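J.: below: sequence and its predicted model.
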Amino acid sequence: MNSLDKILPFAAIGKSLASTSRKTRIVASSALVLTALAFGAAGVVPIAPEIGSISATQINQTLGLPDLAAQISAIEQTQQQFIREENIRPGDTLAALLQRLGVQDEAASEFIRTHASARRIMHLKPGKRVQVQTSGDGTLRWLTASLNESSSMTLDTVTIQRDGDNFTAVQAAASLEKRVEMHSGVIRSSLFAATDAAQIPDSVAKQIIDMFSTDIDFASDLKRGDRFNVVYETFWQNGEFVRAGRILAGEFVNGGEAFRSVWFDEPGGRQGGGYYSFDGKSLKKAFLKSPLEFSRISSGFSMRMHPISGQWKRHKGVDFAATSGTPIRSVGDGVVEFVGDQGGYGNVVVIKHWSNYSTAYAHMSRFGSGLRKGMKVSQGDVIGYVGSTGWSTGPHLHYEFRVNNQPRDPLAMNIPNAQPLSAAERQRFHGIASEMLHRFALLGSSKDIKLASR
């Protein structure tokens, strides 16, 4: 027998294995055969024994193939989850919203219509976003939505969860993400047209007016080609815009003259923060022009006939005629030096301000809630209400402005700016101002513009 004849039994076995279907017939004998197969796979042909010396044994074995149809069916029956998102549209109904979201779940719809917190979804404003997760057949797994915002710095969300056949709805406050945005604009017709073109919210446009209204009359001073840069806060939730916040810095070029302001939070909350020029000068006046929002002057700082004594004497303050109960505001930051009755002044409050300034408010009907000696007050705080106590012939406020305890005419005085920053505060301020100037440069602010003196 030649070498080829010795190889044939193994080739036959390989052929048999290759052609086997579900019924496989294997012919094997000794370990020599298995070894030969192993080496044969590597391309090595051993010396085979004589064919007549091999004893053959027949083995029948059934091999199971995977049931593909069953596996496909199992995959199709798996509860797949889908997440969808939609914005509320004008005139939306709950049914229309759920249909767009792919929710086909009458039990969930009924829960939303009847549960106190869940049904707030039915009253969302257009543009508000709703997210859901559903199974493949439209069964609701969960739903979440941001409710209409309030004036606080948080936004309520409502989340509906399904657990079997039961639903729960939880309303909670979600923290907002604060961002800083920068925009610029050019005046073509009006400020609001320019801010609309620059996609700046109206609330920010109104702040621009407040920031620069002491220097620019926005009704008559604007010129075509005037430009502005503004850096302001915005608040977001899950990528959804909620509201605009405070302007952090602004620059307005009017007629070739530039006005700049930057917000600075003072440590310790002495004044709570305010706007400053970029050289650190406060743009907030130390004192309001009037302690009353709406009133008329009934008697000025001058010689007059006293309405009760009939004597000709100097009137040491200014009288503001107003109805009884009109709120009286502190004209500046300070500390309450006196609160109580003081004879002819009636109910009076005296406030000590920074440096050598103080103010007095007389003839009050009552004092502000909780007002007491030594209490700190801020500019604009209500300290009392107009009345006619003491030597008074009718409801009005007698207001005195004093320097070193000497009465001065508040209407004739050059009102100073607020108390300047300390050395430590100025160092921190200049760091903030430098950052804002860099932002202006990114917006294209010119280096050669003429800065206005303020």
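T.: Yes, it's here.
J.: just want the most central residue of the protein.
T.: Nearest to the geometric centre of the chain sits Phe235, at 1.7 Å (Cα atoms, centre = their mean).
J.: what bridges to that one?
T.: Beta-bridge partners for Phe235, by DSSP bridges, are Lys178, Arg243.
J.: residues contacting the residue lying closest to Leu442 once chain neighbours are set aside?
T.: Spatial nearest neighbour of Leu442, excluding adjacent residues (Cβ to Cβ, 6 or more residues apart in numbering): Met182 at 6.8 Å. In this view, the C-beta of every residue, glycine as well, is placed from N, C-alpha and C. Contact analysis of Met182 by Cβ atoms under 8 Å, 6 or more residues apart in numbering lists Asn229, Val230, Val231, Arg439, Leu442, Leu443.
J.: now for those residues: which two are most distant?
T.: Using Cβ to Cβ, the contacts of Met182 span at most 12.7 Å, a distance reached by Val230 and Leu442.
J.: the more surrounded of those two?
T.: For the pair Val230 and Leu442, the greater number of neighbours falls to Val230 (26 against 12), based on other Cβ atoms under 10 Å.
J.: doesn't that one belong to a strand?
T.: Yes - under DSSP: H, G, I helix; E, B strand; the rest coil, Val230 falls within a strand.
J.: now for it: which residues touch it?
T.: Per Cβ under 8 Å, 6+ apart, neighbours of Val230: Met182, His183, Ser184, Gly185, Ile200, Val204, Ile208, Ile247, Ala249, Gly250, Glu251.
J.: closest one of those residues to Leu411?
T.: Ile208 (29.3 Å).
J.: neighbours around that closest one, how many?
T.: 24.
J.: you'd agree it is up against Leu191?
T.: Yes - Ile208 lies in contact with Leu191 (Cβ atoms under 8 Å); the separation is 6.8 Å.
J.: so the spatially closest residue to Arg100 that is not a sequence neighbour is in which element?
T.: Spatial nearest neighbour of Arg100, excluding adjacent residues (Cβ to Cβ, 6+ apart): Glu86 at 4.9 Å. Mapping Glu86 onto the secondary structure by DSSP states H and E places it in strand 81-87.
J.: off-centre distance for that strand?
T.: 24 Å (Cα atoms, centre = their mean, to the nearest Å).
J.: CA atoms of it as PDB?
T.: These are the backbone C-alpha positions of strand 81-87, laid out as PDB (Å, rounded to 0.1, in the frame of the first residue of the first chain):
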ATOM      1  CA  GLN A  81     -38.400  51.900  25.400                       C
ATOM      2  CA  PHE A  82     -38.800  55.100  23.400                       C
ATOM      3  CA  ILE A  83     -38.100  58.700  24.600                       C
ATOM      4  CA  ARG A  84     -39.800  61.500  22.800                       C
ATOM      5  CA  GLU A  85     -39.900  65.300  23.300                       C
ATOM      6  CA  GLU A  86     -42.500  67.900  22.200                       C
ATOM      7  CA  ASN A  87     -43.200  71.600  22.800                       C
END
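J.: so which elements touch that strand?
T.: strand 129-135 (3 or more Cβ pairs under 8 Å, 6 or more residues apart in numbering; DSSP states H and E).
J.: so what's the residue nearest to Arg100 up against?
T.: Glu86 makes contacts with Leu97, Arg100, Leu101, Arg129, Val130, as judged by Cβ under 8 Å, 6+ apart.
J.: what about 7 Å?
T.: By Cβ atoms under 7 Å, 6 or more residues apart in numbering, the contact list for Glu86 reads Leu97, Arg100, Leu101, Val130.
J.: phi, psi for the third one please.
T.: Meaning Leu101. phi -80, psi 0 (degrees, to the nearest 10).
J.: what about the helices in the protein?
T.: 3-18, 31-41, 68-77, 94-100, 106-114, 191-197, 202-212, 423-442 (DSSP state H).
J.: which of the ones you listed comes out lowest on mean pLDDT?
T.: Sorting the helices of the chain by mean pLDDT places helix 31-41 lowest, at a mean of 39.
J.: is it true that Phe264 touches Phe278?
T.: No - using Cβ atoms under 7 Å, Phe264 is not in contact with Phe278; the gap is 10.6 Å.
J.: higher neighbour count, those two?
T.: The neighbour comparison of Phe264 against Phe278 (other Cβ under 10 Å) goes to Phe264, with 22 against 19.
J.: what is the burial count for the closest residue to Phe111 other than its chain neighbours?
T.: Excluding its sequence neighbours, the residue lying closest to Phe111 (Cβ to Cβ, 6+ apart) is Phe167, at 4.4 Å. Phe167 has 20 neighbours, counted by other Cβ under 10 Å.
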